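Trainee: model the following, please.
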Amino acid sequence: MLLEEIENSKKVVGSKQVKKAVAKGAAKRVYLAKDAEPHIVKPIIEVCEQCGVDVEMIETMFELGRACGIEVGSAAVALLKD
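Mentor: Numbers count the residues shown, from 1 in each chain. Next up is the predicted model:
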């Protein structure tokens with residue numbers, strides 16, 4: 001399952017950290033919450049397109065945050081390359 005992959009992988013959480021990881025070439029995949037604010041996810045989608053990183057959408061910020069092991073919602077998570 002998708003969320004298990006998030007739980008069991010090295011990752012960064014949060015829009016700023018995700019953008020940095022993608023720009024540095026450290027991210028292998030990015031997950032974004034469908035209910036996150038458009039002004040937060042749009043720049044992440046753009047940098048992912050520029051860097052050729054796959055983006056997958058998760059239904060809610062709560063679900064994405066829970067998969068990361070945090071108590072609050074998260075708009076963005078990047079899985080890091082090994």
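Trainee: centre of the chain to the longest strand seen in the chain, how far?
Mentor: If you go by DSSP state E, the chain has its longest strand at strand 27-33. Mean-position distance between strand 27-33 and its chain equals 3 Å (C-alpha atoms, centre = their mean, to the nearest Å).
Trainee: cool, stretch 55-64 as well?
Mentor: In terms of C-alpha atoms, centre = their mean, the centre of stretch 55-64 is set 8 Å apart from its chain centre.
Trainee: what residues does that stretch touch?
Mentor: With contacts defined as C-beta atoms under 8 Å, 6 or more residues apart in numbering, stretch 55-64 is touched by 2-3, 6, 29-36, 44-45, 48, 67, 73-77. Where you see a C-beta, it was placed from the backbone N, CA and C, and this is true even at glycine.
Trainee: so which bits of it are buried?
Mentor: Of all the residues in stretch 55-64, those buried under the rule 16 or more other C-beta atoms under 10 Å are 55, 58, 61, 63-64.
Trainee: just stretch 45-58 next, same as before
Mentor: 45, 47-48, 53, 55, 58.
Trainee: right, I'll leave it there.
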